[in-house]
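Engineer: pasting a predicted model and its sequence here:
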Amino acid sequence: MAIIQAVFGTEEQSLEATMLEIGRRARAAAAVLAFATPEAKTRALEAAADALNDRRDDILSANALDMRAAEGKGISKAFLDRLQLTDKRVDAMIEGLRTIAALPDPVGRVMAEWTRPNGMTIRRVATPLGVIGVIFESRPNVTADAGALTLKAGNAVVLRGGSDSVNSSRAIHACLVEGLVAAGLPAAAIQIVPTTDRAAVGQMLSGLGGSIDVIVPRGGKTLVARVQDEARVPVFAHLEGICHTYIDKSAQLDMAVSVTLNAKMRRTGVCGATETLLVHDDVVGTHLKPVIDALIARGCEIRGDATVMALIPEAIPATEQDWHTEYEDAIISVKIVADVGEAIAHVNKYSSHHTEAIITEDPASVARWFNEIDSAILLHNASTQFADGGEFGFGGEIGIATGKFHARGPVGVEQLTSFKYLVEGTGQTRP
């Protein structure tokens, strides 16, 4: 803040002035991006991917600084996992940028077209949203995902990462700007807030003087709740990822074990991790112990209902609060249900409407699961950890939206567009 303060005066004045200037530049960049050619956007993303690869050592060194600082604060293992970058995760960012670059350009696509009885033709055509504000916490890869997706959709973006990932995010951001410059696009199309002052979040939530069109929060419940409470602009968000996996009576045992283990333990800190396991009463004798044993072998704590407590010595009692909890840790709550109907009722009562999976060979159970649960993502015989834009073929995601307006599920390039109607006539007048 010292450099900014020297220019603008007091710290409070400097922050407000700096944020408004960021918004002004983003709005100007968005006006250019709205007409940018698909080729220019593709060149920018390919050049950014090359820069990420060329500056891999710099990015990993920056992340090491963030990791050491976070470890010194005694931060949880789940948080550290979200923060850490490895060669494999840098490779994933590079692949994500190249995948997004290769996607069809969403801007200008005709979403629907029809002709009225009076001869007028009407087309619904995709347009950019404008300026996206992304507020995120520990995951530095969000810098690359959000920057690439918003650019592909013709939007400018203002990124505000958490203080714990500041060095990593800045190193990644520099590569994105290098890509923009190489393609002749405005460097301000992807900006990162230059301060970790929490007041900057408030400035973004106010809309930066009308510059921001939508806010996307990526982080814990406290951050998302604040954004939803205080934002003066529309928000794409999910508050929690209370995800369920249900093992139906016709589930194959091997599949039940492998899918549940992956859904819970692949990465316990992601929002698509299963937090509650439901098991059909008919397969308690055959499926429960193998599934639970596999989880325990991986270090997972089991919190169970009365039936689970009676059969699994290592289990501890589940409380009512457990069914409401997103653990983001190696903990799972387990309940035995009488049938698919009771499983659906439990999900509809406790779910955060994020992601739910059923393991079954019964088409009727699948149909009920898909039709009767109102969550953004529903899976059959697959891990809940597929709740990810990259796994959907989007190249990445700017977040998972669990609301019902505009965007739902992984927010990719198509969800970062709006639309307008183009109406063509031959001189018609309205009677």
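Structural biologist: The structure has been received and is ready for your questions.
Engineer: got any ranges where the protein has weak pLDDT?
Structural biologist: 1-13 (pLDDT under 70).
Engineer: which residue ranges make up each domain of it?
Structural biologist: If you go by automatic domain parsing, the domain ranges for the chain are 2-236+405-422, 243-386.
Engineer: turn those domains into TSV, including mean neighbour count and distance to Glu397.
Structural biologist: Every C-beta, even on glycine, is put in place using the N, C-alpha and C of the backbone. Formatted as TSV, the domains of the chain follow (neighbours: other Cβ atoms under 10 Å; distance: least, Cβ to Cβ, whole Å):
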stretch	mean neighbour count	distance to Glu397
domain 2-236+405-422	19	4
domain 243-386	19	11
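Engineer: distance to Phe394 for those domains - can I get that in TSV?
Structural biologist: Shown next, in TSV, are the domains of the chain (distance: least, Cβ to Cβ, whole Å):
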stretch	distance to Phe394
domain 2-236+405-422	3
domain 243-386	12
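Engineer: with respect to Gly399, which of the ones you listed lies nearest?
Structural biologist: Closest of the domains of the chain to Gly399 is domain 2-236+405-422, at 4.9 Å (criterion: Cβ to Cβ).
Engineer: before we move on, the earlier item: what's the closest of the domains of the chain to Gln428?
Structural biologist: Short answer: domain 2-236+405-422, nearest of the domains of the chain by Cβ to Cβ, at 5.2 Å.
Engineer: what sits against the nearest residue to Lys152 once chain neighbours are set aside?
Structural biologist: Closest residue to Lys152 apart from its sequence neighbours, by Cβ to Cβ, 6 or more residues apart in numbering: Val413 at 4.7 Å. Residues counted as contacts of Val413 (Cβ atoms under 8 Å, 6 or more residues apart in numbering) are 100, 103, 106, 149, 152-153, 394-395.
Engineer: sort out which of these are in strands and list them.
Structural biologist: The members of these all map outside strands under DSSP state E.
Engineer: save the residues you listed as TSV, and put in distance to Pro363 too.
Structural biologist: Converted to TSV, those look like this (distance: Cβ to Cβ, whole Å):
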residue	distance to Pro363
Ile100	35
Leu103	33
Pro106	34
Leu149	35
Lys152	37
Ala153	37
Phe394	28
Gly395	32
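Engineer: residues in contact with Asp282?
Structural biologist: So Asp282 contacts Lys249 (Cβ under 8 Å, 6+ apart).
Engineer: please report the distance of the residue nearest to Lys152 from Ala101.
Structural biologist: 11 Å (Cβ to Cβ, to the nearest Å).
Engineer: overlap of the contact sets of the two?
Structural biologist: 152, 395.
Engineer: excluding its backbone neighbours, what's nearest Val90?
Structural biologist: Arg56 (5.5 Å).
Engineer: ranges for the strands of the stretch 151-300 of the chain?
Structural biologist: Counting by DSSP state E, counting those that start in this stretch, the stretch 151-300 of the chain has these strands, from start to end: 156-160, 190-192, 214-218, 243-247, 274-280.
Engineer: and of the ones you listed, who's closest to Asn141?
Structural biologist: strand 214-218 (10.2 Å).
Engineer: just give me how far that closest one sits from the chain centre.
Structural biologist: 10 Å (Cα atoms, centre = their mean, to the nearest Å).
Engineer: which helices and strands does that strand pack with?
Structural biologist: With contacts defined as 3 or more Cβ pairs under 8 Å, 6 or more residues apart in numbering; DSSP states H and E, strand 214-218 has these neighbours: strand 131-136, helix 221-230.
Engineer: can you give me the angle it makes with strand 131-136?
Structural biologist: Relative orientation of strand 214-218 and strand 131-136, computed by axes from the mean of the first three to the mean of the last three Cα atoms, to 10 degrees: 20 degrees.
Engineer: dump strand 214-218 to PDB, restricted to CA.
Structural biologist: Below are the C-alpha coordinates for strand 214-218, written out as PDB (Å, rounded to 0.1, in the frame of the first residue of the first chain):
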ATOM      1  CA  VAL A 214     -21.300 -10.000 -11.800                       C
ATOM      2  CA  ILE A 215     -19.300 -11.400  -8.800                       C
ATOM      3  CA  VAL A 216     -18.100 -15.000  -8.500                       C
ATOM      4  CA  PRO A 217     -16.800 -16.000  -5.000                       C
ATOM      5  CA  ARG A 218     -14.600 -19.100  -4.600                       C
END
